[in-house]
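Novice: Need a 3D model of the sequence below.
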Amino acid sequence: VSSVLLIRELVRNSRSLAEEAQLVSIVRRANAASKHFGDLKYWVTDTAVTQLASSRESTAAAKARLDADLEAIAPVDPAGVTTIGHEVDTLTELARRAAEAYSGDDSAGGNALMAQVHVHILHVDNEIENIVDRLEQQAVERRDASKRRADQAVVLSIIGGIVLLVLALGFTALTVRSITVPLRRLERSMAAITHGELDVPIPQASGYEIGAMTRTLGMLRDSLKERDRFERERQRAESEVRAARDSAEAVLHDLRAAQANLIQAEKMASLGQLTAG
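Specialist: Numbers count the residues shown, from 1 in each chain. Here you go, the predicted model:
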């Protein structure tokens with residue numbers, strides 16, 4: 001989750017950096033437009049006054065550079081670029097008319113037209129300055145927004161990592177407890193069986209290895225119980241055999257005693273007969 005958040009924020013930051021780089025490039029073009037307009041207004045004034053061909057060529061070159069700069073700025077500030085283009089066209093036309101007035105020895109008309117040119121020049125300077133300020137403000141706002149999003153992503157990643165760590169520790173504790181508790185019960189049952197307590201309860205068998213151990217312990221207890229039962233039956237059978245043997249020996253002793261008495265009686269009868277004879 002943290003990796004996904006950070007990757008998403010990196011993608012957003014990379015886009016923001018690309019946009020900021022574009023804004024910086026446009027700010028440079030706006031500054032270049034300010035410089036090129038400075039060249040343009042110089043050469044426009046010079047052309048109106050001197051009417052030299054080289055000045056007209058320099059004016060055209062400066063206007064072409066300014067138009068290229070305005071074309072680059074247009075996607076981010078179309079309204080400002082439209083205003084500047086209109087002002088430049090107006091002052092260029094006024095300068096052309098002032099040049100015609102100067103060439104027709106109408107100095108007063110030329111000066112009035114040039115005064116209007118300077119007013120439009122001020123408007124263009126102000127508008128270019130406003131565009132530069134707006135672009136710089138946008139760049140600063142985007143930079144701050146990117147920084148805030150990056151900080152939020154880091155905080156969210158840290159919080160998410162801590163939450164996931166707590167959950168992982170809790171899950172680990174539950175897992176360990178689910179293993180150790182049955183093992184302790186199984187250990188107590190094994191200890192009791194080892195000491196001869198075969199009637200001790202055995203934990204209920206579950207799945208996996210602990211269940212197999214429980215079933216094995218139950219089989220061991222049952223086999224020990226069966227062994228003890230066989231041992232008791234053997235001892236009882238031996239006791240019965242000994243009792244029967246003792247009884248047979250007593251009967252045999254009585255028979256021998258009776259036989260001896262019979263023999264003695266026969267001897268006494270023979271002696272009586274002999275005595276009678």
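Novice: Please count neighbours and contacts with C-alpha atoms only from this point.
Specialist: Noted.
Novice: Could you pick out the longest helix of the protein?
Specialist: Longest helix in the chain, counting residues (DSSP state H): helix 107-194.
Novice: pLDDT of that helix, averaged?
Specialist: The average pLDDT within helix 107-194 is 83.
Novice: what's it packed up against?
Specialist: Under the contact criterion of 3 or more C-alpha pairs under 8 Å, 6 or more residues apart in numbering; DSSP states H and E, helix 107-194 touches helix 2-50, helix 78-103, helix 208-276.
Novice: Make TSV from the ones you listed and add distance to residue 201 to it.
Specialist: TSV is the format used below for the helices and strands packed on helix 107-194 (distance: least, C-alpha to C-alpha, whole Å):
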stretch	distance to residue 201
helix 2-50	48
helix 78-103	87
helix 208-276	9
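Novice: Which one of those helices lies nearest to residue 145?
Specialist: Nearest to residue 145 among these is helix 2-50 (8.9 Å), distances taken as C-alpha to C-alpha.
Novice: Okay, angle between that closest one and helix 78-103 too, please.
Specialist: With axes from the mean of the first three to the mean of the last three C-alpha atoms, to 10 degrees defining the directions, helix 2-50 sits at 10 degrees from helix 78-103.
Novice: ok, and the closest non-adjacent residue to residue 123?
Specialist: Using C-alpha to C-alpha, 6 or more residues apart in numbering and skipping the chain neighbours, the partner closest in space to residue 123 is residue 87 (7.4 Å).
Novice: Distance of the one you found relative to residue 19?
Specialist: Distance check for residue 87 against residue 19: by C-alpha to C-alpha, to the nearest Å, it reads 29 Å.
Novice: contacting residues for the nearest residue to residue 95 once chain neighbours are set aside?
Specialist: Of all residues not flanking residue 95 in the chain, residue 48 sits nearest, at 5.7 Å (C-alpha to C-alpha, 6+ apart). Contacts for residue 48 (C-alpha atoms under 8 Å, 6 or more residues apart in numbering) come out as 95-96, 98-100, 102.
Novice: run the last query once more with 10 Å
Specialist: Contact partners of residue 48, counting by C-alpha atoms under 10 Å, 6 or more residues apart in numbering, are 55-56, 92, 94-103, 110, 113-114.
Novice: Going by neighbour count, which of those residues are buried?
Specialist: 55-56, 92, 94-102, 110, 113-114 (16 or more other C-alpha atoms under 10 Å).
Novice: For residue 122, give its distance to residue 173.
Specialist: 76 Å.
Novice: Over to residue 259?
Specialist: Using C-alpha to C-alpha, one gets 87 Å for the distance from residue 259 to residue 173.
Novice: Over to residue 270?
Specialist: The spacing between residue 270 and residue 173, counted by C-alpha to C-alpha, is 104 Å.
Novice: cool, residue 271 as well?
Specialist: When residue 271 is compared with residue 173 (using C-alpha to C-alpha), they lie 105 Å apart.
Novice: Check residue 167 too.
Specialist: 10 Å.
Novice: again, but for residue 31
Specialist: Distance from residue 31 to residue 173, by C-alpha to C-alpha: 64 Å.
Novice: Comparing those two, which shows the higher neighbour count?
Specialist: The residue with more neighbours, out of residue 31 and residue 173, is residue 31; 17 against 12, by other C-alpha atoms under 10 Å.
Novice: Check what pLDDT the more buried one gets.
Specialist: 86.
Novice: How much space separates the residue nearest to it when sequence neighbours are not counted from residue 138?
Specialist: With C-alpha to C-alpha, 6+ apart as the criterion, residue 31 has its nearest non-adjacent residue at 7.1 Å, and that residue is residue 132. Distance of residue 132 to residue 138, given as C-alpha to C-alpha: 10 Å.
Novice: can you pull the contacts of the closest residue to residue 111 other than its chain neighbours?
Specialist: With sequence-adjacent residues excluded and distances taken as C-alpha to C-alpha, 6+ apart, residue 111 is closest to residue 98, at 7.2 Å. Residues near residue 98 by C-alpha under 10 Å, 6+ apart: 45, 47-49, 92, 104, 106-117.
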